[in-house]
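>>> Need the 3D shape of this:
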Amino acid sequence: MPTNEYIEGSGLIASQLGFKNSLIARENYYELPPERGKGYIYQLHYSQGFFIALGDYILYKPSERFYHIEEMFMEIYYFQSGNVLNIEEGKKLIKLKLELIFI
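Numbers count the residues shown, from 1 in each chain. You can find the predicted model right below:
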């Protein structure tokens, strides 16, 4: 079953991680509750499938994220710390280096 990143952008992962959302026009500000970690995600939604998001947060517990996307899709991430594993069906698991990552 497809996930909805194309429709919701970072809002989907924000809701799954328990961020609280404030919506103003096409802008979303997601804040992490103190019991889950600290930080935020700020997202602009220009049109369907086109989002610009900036986030800076630390989670107190490890998290996993699974994508199933059928539309053309690209995300660019920069991770300052942590471990990132890329797992694709039928392919070898890849541990990604912490630098600019294109998905």
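
>>> Near residue 10, how many other residues are there?
Neighbour count for residue 10, taken as other CB atoms under 10 Å: 21. For glycine as for every other residue, the C-beta is placed from the backbone atoms N, C-alpha and C.

>>> Just the strands from the protein, written as ranges.
Here the chain has its strands, by DSSP state E, at 20-24, 27-31, 37-47, 50-59, 76-78, 84-86, 94-96, 100-102.

>>> can you list contacts of the first one?
Contacting residues not belonging to strand 20-24 are listed as 11, 14, 15, 28, 29, 30, 31, 32, 33 [CB atoms under 8 Å, 6 or more residues apart in numbering].

>>> Quick one, grab the pLDDT at the residue nearest to the third one when sequence neighbours are not counted.
It stands for residue 15. Distance criterion CB to CB, 6 or more residues apart in numbering; nearest residue to residue 15, sequence neighbours excluded, is residue 21 at 7.3 Å. Looking at residue 21, its pLDDT is 86.

>>> got it, and residue 33?
91.

>>> Test my guess that it contacts residue 18.
Yes: using CB atoms under 8 Å, residue 33 makes contact with residue 18 at a distance of 6.1 Å.

>>> Cool, thanks, signing off.
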